[in-house]
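Peer 1: structure for this input, please:
(one chain, ligands or ions: 2)
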Amino acid sequence: MLDFITKRFTKESPYSPVAKDVFKAYNKHRPGGAKDLICYVPFNSLTFSWLGKVYACTYNRNILVGEYPKDSLRDIWFGEPLKKLQGYIAHNDLNYGCQHCKYFVEKEKFTGLKPQSFDKYADYKEHRYPRVMEFEISNKCNLECIMCNGNTSSAIRQNKDKLPPLAIPYDDKFVEQMREFIPHLKEAKFFGGEPFLIHSYFQIWDVMMEMNPSINIFVITNGTVLTEKVKDLLSKGNFELAVSIDSIRKERYEFIRKNANFETTMQNLDYFNDYTKSRGRTMSLSFTTQRENWDEMPEVIEFCNKKGMVFFNSFLTAPFDLSLIFLPSEKLKDVYTYLSKFELPESNELEKYNKSVFLDYLKYIRHYEEKNRNGIDYSEQKDNYEAVISERSTAENKKFSSREELYEKIRAAKITDLKITKEEVVARLEVLFDSLNDLEAEERILSGVYNSPLDIMIRDVSNWTEEELYAKVKSQYITSA
Ligand SMILES: C[S@@+](CC[C@H](N)C(=O)[O-])C[C@H]1O[C@@H](n2cnc3c(N)ncnc32)[C@H](O)[C@@H]1O
Ligand code: SF4
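Peer 2: Ligands and ions are numbered 1, 2, ... in the order given. As a prediction, this is how the structure comes out:
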């Protein structure tokens, strides 16, 4: 009897929480004090992503919590896949797709981790609905920035990749379903494509203005679209803005941000800056640091300090040929030596913050300078979510050279929780290619797949039936003559 009781109560938990000492250290680091859980994101948030994919967190794209329009917003928010993820997090277990945070938490690199911005929503049990929603539902964009890709910019997809438009499943019904959720929202974030060109964003904003105009709305924009419609929208809402500017030198700016006009963007930037200042909202400049512009970082920070803007550094790990971290060590040493000569001011909070972003970047460069002394590790960043997501090459005509090369990548991919094995994914693709019997279409697929996050493609192939797969491929890659 005693044995039964001991066994029963010592039954192993299916969860593996983060180590107690790490959790303790994390709790000490939290600005708002210690909490019971390491993360409150999945209890408070939904991210609507490309092709109808819905995640609980932008940093956990391994676990799909639903797919629109197959699942309604209600099904998704109150459904089993999200509950399962919440179950892991409720046990402080980061092994269910939360590898990004697990990596940083275990290394005790806590600064800037997404969960910290959700500590204010620790009282989730009292709220039935999400407080934060993030949207990246369309790739409609007017620019073809050199570091971007066809999944994020429709202009690149059309002009560079020469592919038909991506199917955007978010429709009027989606906006209607949002009505149940909008009154409960505190924050909404809009990414793109270019948000100020995306029709469904305007529809969502209209409903937000009608039902809950005080929502904190964040938009990251390329700054080129400032129509009367945009001005009208801004005047009605509570917007925080980030404008992406990768250089304040005309020639360089227009080289990186293909199709943009430097003078127009600068004028628009002043408008956006005045708007945010007049409402006491934060205005940021998003600088995507890459081989073309790293030397300008101190100058751009000075510009931000002068204009009262937060400097946001968007780390670029892909495409490889634009990223600094894949430079040889000697070159990175030169970068470090050059940048470290700059003494940035810190006479107020903004300057202090902007300087800290700069110093963090110097540390990052130093880290890779040391690391790359032993050779450049191209695989390293692939475990990292951002790299997986942004591993979309921009170079023209880049593609897998053959089916076999694609299959090898699939076999090597670190991906779990698939409905079928990776070998079955490969077999499914083989049947598909054979049945298409169309070499040109095959080339387009090998290029399209190369330019997309591989993990999403593998998951799609494993989730769809063979008929669905055939239909999707047909609509995306086979142009009717
Ligand atoms: C994809 S854009 C979407 C919003 C808007 N179109 C814009 O340019 O701000 C969001 C941010 O991602 C940055 N970005 C683009 N390509 C990137 C890459 N390969 N790595 C890191 N950031 C990138 C952009 O510069 C921009 O600041
Ligand atoms: S970075 Fe933004 S503006 Fe540039 S092409 Fe990509 S989505 Fe468009």
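Peer 1: what residues does the stretch 151-300 of the chain put near ligand 2?
Peer 2: With the criterion set to CB under 6 Å from any ligand atom, the stretch 151-300 of the chain comes near ligand 2 through Thr152, Ser153, Ile156, Gly192, Gly193, Glu194, Asn222. For the C-beta atoms, the positions are set from N, CA and C on the backbone; glycine is no exception.
Peer 1: go back to these and keep what's next to ligand 1.
Peer 2: Restricting those to those adjacent to ligand 1 (criterion: CB under 6 Å from any ligand atom) gives Thr152, Gly192, Gly193, Glu194, Asn222.
Peer 1: for Gly33, state which of those residues is nearest.
Peer 2: Taking CB to CB as the measure, Gly33 lies nearest Gly192 of these, at 36.0 Å.
Peer 1: and that closest one, how far is that from Leu163?
Peer 2: Counting by CB to CB, to the nearest Å, the gap between Gly192 and Leu163 amounts to 18 Å.
Peer 1: looking at those two, which one has more neighbours?
Peer 2: For Gly192 versus Leu163, the count of surrounding residues by other CB atoms under 10 Å is larger for Gly192: 26 against 20.
Peer 1: confirm that one sits in a helix?
Peer 2: No. Counting by DSSP: H, G, I helix; E, B strand; the rest coil, Gly192 is located in no helix; its state is coil.
Peer 1: go ahead and confirm it touches Ile137.
Peer 2: No. Counting by CB atoms under 8 Å, Gly192 stays clear of Ile137, with 9.0 Å between them.
Peer 1: anything in contact with each of these two?
Peer 2: The contact sets of Gly192 and Ile137 overlap at Ile198 (CB atoms under 8 Å, 6 or more residues apart in numbering).
Peer 1: with pLDDT added, can I get the ones next to ligand 1 among the residues of the stretch 151-300 of the chain next to ligand 2 in a markdown table?
Peer 2: Output for these, formatted as a markdown table (pLDDT from 0 to 100):
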| residue | pLDDT |
| --- | --- |
| Thr152 | 92 |
| Gly192 | 89 |
| Gly193 | 95 |
| Glu194 | 98 |
| Asn222 | 98 |
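Peer 1: and the two most separated of those?
Peer 2: Among these, Thr152 and Asn222 lie farthest apart (CB to CB), at 11.1 Å.
Peer 1: more neighbours, the two?
Peer 2: Each of Thr152 and Asn222 has its neighbours counted (other CB under 10 Å); Asn222 has more, 26 against 23.
Peer 1: re earlier: and of the residues of the stretch 151-300 of the chain next to ligand 2, the nearest to Glu468?
Peer 2: Nearest to Glu468 out of these is Thr152 (CB to CB; 24.3 Å).
Peer 1: and the closest one, which of the three is it?
Peer 2: Going by three-state DSSP, the secondary structure assigned to Thr152 is coil.
Peer 1: excluding covalently adjacent residues, which one is nearest to it?
Peer 2: Leaving aside its sequence neighbours, Thr152 sits nearest to Asn139 (CB to CB, 6 or more residues apart in numbering; 5.4 Å).
Peer 1: OK, contacts around the one you found?
Peer 2: When contacts are counted by CB under 8 Å, 6+ apart, Asn139 touches Trp50, Gly150, Asn151, Thr152, Ser153, Ser154, Arg157, Leu166, Gly192, Gly193.
Peer 1: same thing but at 10 Å, please
Peer 2: Residues near Asn139 by CB atoms under 10 Å, 6 or more residues apart in numbering: 50, 148-157, 165-166, 168, 192-194, 198.
Peer 1: make a PyMOL selection of the buried ones in those residues.
Peer 2: The PyMOL command for the buried members of those (criterion: 16 or more other CB atoms under 10 Å) is given here:
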select buried, resi 50+148+149+150+151+152+153+154+155+156+157+166+168+192+193+194+198
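Peer 1: so which residues of the protein form strands?
Peer 2: 45-48, 53-55, 66-67, 132-135, 187-190, 216-221, 239-244, 283-289, 310-315 (DSSP state E).
Peer 1: grab the most central residue of this structure for me.
Peer 2: Among the residues of the chain, the one closest to the centroid is Thr58, at 5.8 Å (CA atoms, centre = their mean).
Peer 1: check that one and give its pLDDT.
Peer 2: Here the pLDDT value assigned to Thr58 is 92.
Peer 1: got phi/psi on it?
Peer 2: With angles defined as degrees, to the nearest 10, Thr58 sits at phi -70, psi -20.
Peer 1: ligand 1 contacts on the stretch 251-400 of the chain?
Peer 2: Neighbours of ligand 1 within the stretch 251-400 of the chain, by CB under 6 Å from any ligand atom: Ser286, Thr288, Ser314, Leu316, Ala318, Ser390.
Peer 1: so who does the second one touch?
Peer 2: What it means is Thr288. 145-148, 244-246, 256-257, 312-316, 322.
Peer 1: neighbour-wise, give me the winner out of those residues.
Peer 2: Cys148 (27 neighbours).
Peer 1: these two touch, right, that residue and Asp161?
Peer 2: No. Using CB atoms under 10 Å, Cys148 is not in contact with Asp161, being 11.4 Å away.
Peer 1: quick one: low-confidence parts of the protein?
Peer 2: Applying pLDDT under 70 to the chain flags residues 1-11, 378-398, 451-453, 456, 475-481.
Peer 1: list the contacts of Lys371.
Peer 2: Lys371 touches Ile325, Ser329, Leu332, Asp377, Glu380, counting by CB under 10 Å, 6+ apart.
Peer 1: what is the neighbour count of the residue nearest to Lys173 when sequence neighbours are not counted?
Peer 2: Nearest residue to Lys173, sequence neighbours excluded (CB to CB, 6+ apart): Pro69, at 7.0 Å. By other CB under 10 Å, the residues close to Pro69 number 12.
Peer 1: for Pro319, same thing?
Peer 2: Neighbour tally, Pro319, other CB under 10 Å: 21.
Peer 1: next, format the ones next to ligand 1 among the residues of the stretch 151-300 of the chain next to ligand 2 as TSV and append distance to Leu362.
Peer 2: Below are these laid out as TSV (distance: CB to CB, whole Å):
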residue	distance to Leu362
Thr152	28
Gly192	30
Gly193	32
Glu194	31
Asn222	27
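Peer 1: between these, which is closest to ligand 2?
Peer 2: Among those, Asn222 lies closest to ligand 2 (CB to the nearest ligand atom), at 3.5 Å.
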